[in-house]
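> here's my sequence, what's the structure:
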Amino acid sequence: MNISGLIQKVFNDVVTAYQYANIARYIQNLFLSIVMVKFGLSMEDIGTFELILFTITIFSQFWISGQRDAMVTAYDKSLQKQDVLIFGFLISVFLGMLTSGLLFLFKNHFFYINAKVLPTDLILLACIYLIFQSLSNIPETLFLLIKKAKILFWYASVFSVMYMMVIGYFLWFFPDIKVLLLVLIGLSVLKMVFGSIFLFKNSFQFSLSSFFDFLKYSFPFFLIALTGIAMDMIDGLFVRFYFDAETFAVYKYGAREFPLSSLLMNSLSIAMIPLVSLAGDLSVLKDKATKHMHLLFPVSILFIWLSKPVFTHLYNEDFTQSALIFTIYLLILGSRLLLPHTVLLARGKQKWVFWIGILEIVINIILSYWWVKVIGLEGLIWATVAAYYLHKWMMFLVISRYFKISMKDLIDVSWWIFYQILAILSFFLSKFWL
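Here you go, the predicted structure:
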């Protein structure tokens, strides 16, 4: 497909546009990580900023992602589609303010590293950022559900350019994490206002009982999302407990995965839920997953070989170990490409997804505690990779038994095995040769 055809697909296919928006968001974060290093922030400052983002993520990302999944799952089935959108936004406002308030109230228990509590003014900015950052995610979900691919494309493009220009300007002249948080708050407010213009263009009658009904409906999705991000949380908590701020920065810069794998597959999984739910046909899901596999595996294998020089060039020699962490995370791709959880969510089996997620967390904690003692920081990452694959294997056992759906119904298995072997060989060869 040529560039013109790809752009037309982004304009006309809302799933592709949604994936594009998620890639744009990742590029923003990558740009931020680069300019923080290049524009003079110290390793300690970078580690402190990453710690702030990590703490915010622990207490907010599960309900942000869960609310998004609840809206996506409920929208096409609901007769009151506007209610789904409005209540999703209002619940995000409510939970954002509640979470922010609790975090600030108990700040000494959460915003610390190696028993050192962060400054109060920095924590206050972090809590304010949490509120607006959670609401800035609304526009992507809104445009996905109302199927406005072209608007979603331009929204993601314009805000990405604005983000990089504003962040670059302020960090060039004011390389300080307090200034950075203020800028991020301002950008999040702009995104929230833009989304609200489309969200509230029609009249709406608020009902407190309906609000709590939708909150109740969303709650299982919060729990599922919590199990989904628990892997990163566990690794981060272990790093925070065993290592210092500088090591935390090295870990976070490496623990990013390749953006196309995590972002494209996560957004594909979310966007396919309504299609699988309504049509019940898995052929489209298999076709898209297989196409993504032929794109993502070759690129990821290439990055296994290139990660060390790329990290050294993008950042500096201090982040060499980040490259190793990054290459281990690349091996998660094989599990990312498998989407049994999409089938379970589409068929209303949220509880199964949740309990399998709990088992994944237990396995990850046990392996992380064991392997960090034996291998160190690298052991934490290997524990996460192992837990991801066991998680998908358990889901396949469930859908095979109850729905007679196997791995071959969701992806081309022979190609998957070939790419998987090639990726593992590339990792070990590159580790000893580079």
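> could you pull up phi and psi at residue 177?
When read as degrees, to the nearest 10, the backbone of residue 177 gives phi -70, psi -20.
> that one: how many residues sit nearby?
As a burial measure, residue 177 scores 20 neighbours (other C-beta atoms under 10 Å). The C-beta positions use only the backbone N, C-alpha and C, and glycine is treated the same way.
> ok, now which ones touch it?
Neighbouring residues of residue 177 by C-beta atoms under 8 Å, 6 or more residues apart in numbering: 41, 45, 48-49, 52, 122.
> show the pLDDT at residue 235.
pLDDT, residue 235: 79.
> renumber starting at 190 from here on
That works, and once the first residue is 190, the last one we named lands at residue 424.
> excluding its backbone neighbours, what's nearest residue 250?
With sequence-adjacent residues excluded and distances taken as C-beta to C-beta, 6 or more residues apart in numbering, residue 250 is closest to residue 418, at 5.2 Å.
> OK, contacts around the one you found?
Contacts of residue 418 by C-beta under 8 Å, 6+ apart are 246, 250-251, 254.
> relative to residue 543, which of these is nearest.
Closest to residue 543 out of the contacts of residue 418 is residue 251 (11.5 Å), distances taken as C-beta to C-beta.
> am I right that that closest one is in contact with residue 410?
No. In this structure residue 251 lies outside contact range of residue 410 using C-beta atoms under 8 Å: 9.3 Å.
> higher neighbour count, the two?
residue 410 (25 against 21).
> roughly how far apart are that one and residue 381?
According to C-beta to C-beta, to the nearest Å, residue 410 and residue 381 sit 21 Å apart.
> measure the closest residue to residue 270 other than its chain neighbours to residue 227 for me?
Nearest residue to residue 270, sequence neighbours excluded (C-beta to C-beta, 6+ apart): residue 264, at 5.8 Å. According to C-beta to C-beta, residue 264 and residue 227 sit 42 Å apart.
> quick revisit: contacts only, for the residue nearest to residue 270.
By C-beta under 8 Å, 6+ apart, the contact set of residue 264 is 270, 273-274, 334, 463.
> could you flag which of the contacts of residue 418 are buried?
The neighbour count (16 or more other C-beta atoms under 10 Å) marks 246, 250-251, 254 as buried among those.
> and the residue nearest to residue 360 when sequence neighbours are not counted, how many neighbours?
Spatial nearest neighbour of residue 360, chain neighbours left out: residue 228 (4.6 Å); criterion: C-beta to C-beta, 6+ apart. Residues lying near residue 228 (other C-beta under 10 Å) number 15.
> I'd assumed residue 363 was in contact with residue 228.
No. At 9.6 Å, residue 228 and residue 363 do not qualify as touching, with contact defined as C-beta under 8 Å.
> can you list the buried residues in the helix or strand harbouring residue 253?
Secondary structure assignment for residue 253, by DSSP states H and E: helix 232-264. Neighbour-count burial for helix 232-264 flags 232, 234-264 (criterion: 16+ other C-beta under 10 Å).
> starting at the chain centroid, how far to that helix?
Centroid separation for helix 232-264 versus its chain: 8 Å, with C-alpha atoms, centre = their mean, to the nearest Å.
> average model confidence for it?
pLDDT averaged over helix 232-264 gives 87.
> after it, next one along is what?
helix 270-294.
> tell me the helix or strand right after that following helix.
helix 296-299.
> what's the mean pLDDT across that next one?
For helix 296-299, mean pLDDT is 81.
> just how off-centre is it within its chain?
On the basis of C-alpha atoms, centre = their mean, helix 296-299 sits 24 Å off its chain's mean C-alpha point.
> that helix: which residues count as buried?
Using 16+ other C-beta under 10 Å as the test for burial, helix 296-299 gives 296, 299.
> ok, stretch 375-382 next?
Buried residues in stretch 375-382, defined by neighbour count with 16+ other C-beta under 10 Å: 376-378, 380-381.
> can I get the residues you listed in a markdown table with distance to residue 444, pLDDT and secondary structure?
Shown next, in a markdown table, are these (distance: C-beta to C-beta, whole Å; pLDDT from 0 to 100; DSSP: H, G, I helix; E, B strand; the rest coil):
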| residue | distance to residue 444 | pLDDT | secondary structure |
| --- | --- | --- | --- |
| 376 | 24 | 94 | helix |
| 377 | 23 | 93 | helix |
| 378 | 29 | 94 | helix |
| 380 | 25 | 91 | helix |
| 381 | 28 | 90 | helix |
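> which one of those residues is nearest to residue 301?
Checking those against residue 301 by C-beta to C-beta gives residue 377 as the nearest, at 24.5 Å.
> and the helix ranked longest in the chain, how far out from the chain middle?
Ranked by number of residues, the top helix in the chain under DSSP state H is helix 397-431. Put simply, helix 397-431 sits 13 Å off its chain's centre (C-alpha atoms, centre = their mean).
> following element in sequence after that helix, please.
Next in sequence after helix 397-431, counting helices and strands by DSSP H and E, comes helix 434-443.
> how much does that following helix deviate in direction from helix 397-431?
Relative orientation of helix 434-443 versus helix 397-431 (axes from the mean of the first three to the mean of the last three C-alpha atoms, to 10 degrees): 120 degrees.
> what's the offset of helix 434-443 from the middle of its chain?
With C-alpha atoms, centre = their mean, you get 18 Å for helix 434-443.
> and it, what's buried?
Quick answer for helix 434-443 (16+ other C-beta under 10 Å): 434, 436-443.
> cool, stretch 270-289 as well?
Result for stretch 270-289 [16+ other C-beta under 10 Å]: buried residues 272-278, 280-281, 284-285, 288-289.
> which one of those residues is nearest residue 560?
Set against residue 560, the nearest of the buried residues of stretch 270-289 by C-beta to C-beta is residue 288 (31.6 Å).
> roughly how far does the closest one sit from residue 577?
Applying C-beta to C-beta to residue 288 and residue 577 gives a distance of 27 Å.
> do residue 276 as well
32 Å.
> now do residue 485
Applying C-beta to C-beta, the value for residue 485 to residue 577 is 15 Å.
> what sits against residue 509?
497, 500-501.
> which ones among those map onto strands?
Among the contacts of residue 509, no member falls in strands (DSSP state E).
> just the buried residues out of those residues, in ChimeraX syntax.
Buried subset of those, written as a ChimeraX selection, criterion 16+ other C-beta under 10 Å:
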select :497,500
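> of the contacts of residue 509, just say which sits nearest to residue 203.
residue 500 (34.4 Å).
> quick check: the closest one vs residue 216, distance?
Distance of residue 500 to residue 216, given as C-beta to C-beta: 17 Å.
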